[in-house]
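Undergrad: how would this look folded up:
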Amino acid sequence: MAVLIDPAVRPAMTTWATALLIMNGGLFLIPILAMSVFGVWPLIAPDLLTAVFVLAALGITLMLAAWAAWRGSQWPRLYLLVVAVGEFVGLVMGYGYLLAALALLVPAVWLLWRPSAVAFAADASKSPRRVQRSLP
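TA: Numbers count the residues shown, from 1 in each chain. Below you'll find the predicted structure:
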């Protein structure tokens, strides 16, 4: 049995940011899941399907960013700033549901830029993860 040893103690800010990112990613996956559950795919106009798939892709990338932030990667901080700007532009263009997404994303970005979360990511990137094998 292998036990993964984390390189450092994960700060609470990273944990909360990860939870907010999971919720935000789930928010973008709700439309595609609802259309699958209720079987309304044939009723959707083909030009609207592109938006649904783009939102689903954004939800998946936010889930991947949550996983990377949990592990201590540094790339989610900059990626999430770009996503926040994109969501703000979408909100200005009239997509009101992005207000809920921004309400979840902005605190996550703020938490990931806090000094303890940045220090955790720097420490995690310097020290490789190792797997400790236990004896049978």
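Undergrad: So in the chain, where's the weakest helix or strand by average pLDDT?
TA: strand 130-133 (a mean of 52; mean pLDDT, DSSP states H and E).
Undergrad: need the helices for the chain, in chain order.
TA: Here the chain has its helices, by DSSP state H, at 12-38, 46-71, 75-92, 98-112, 115-126.
Undergrad: winner for burial among these?
TA: helix 98-112 (a mean of 19; mean count of other CB atoms under 10 Å). For the C-beta atoms, the positions are set from N, CA and C on the backbone; glycine is no exception.
Undergrad: Does anything pack onto it? Which helices or strands?
TA: helix 12-38, helix 75-92, helix 115-126 (3 or more CB pairs under 8 Å, 6 or more residues apart in numbering; DSSP states H and E).
Undergrad: what angle separates the last one from helix 12-38?
TA: Between the axes of helix 115-126 and helix 12-38, defined by axes from the mean of the first three to the mean of the last three CA atoms, to 10 degrees, the angle is 80 degrees.
Undergrad: what's next to helix 115-126, contact-wise?
TA: 6-11, 13-14, 17, 69, 71-74, 77, 111-112 (CB atoms under 8 Å, 6 or more residues apart in numbering).
Undergrad: circling back: of the helices and strands packed on helix 98-112, which is nearest residue 102?
TA: Closest to residue 102 of those is helix 75-92 (CB to CB; 5.2 Å).
Undergrad: thinking again about what came up before, where among the helices and strands packed on helix 98-112 is average confidence lowest?
TA: Among those, helix 115-126 carries the lowest mean pLDDT, at a mean of 86.
Undergrad: Any chance of the helices and strands packed on helix 98-112 in CSV with distance to residue 107 as columns?
TA: CSV is the format used below for those (distance: least, CB to CB, whole Å):
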stretch, distance to residue 107
helix 12-38, 6
helix 75-92, 11
helix 115-126, 12
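Undergrad: got a list of what the spatially most central residue of the chain touches?
TA: Centroid-nearest residue in the chain, with CA atoms, centre = their mean: residue 62, separated by 2.8 Å. If you count contacts by CB under 8 Å, 6+ apart, residue 62 has them with 21-22, 24-25, 28, 83.
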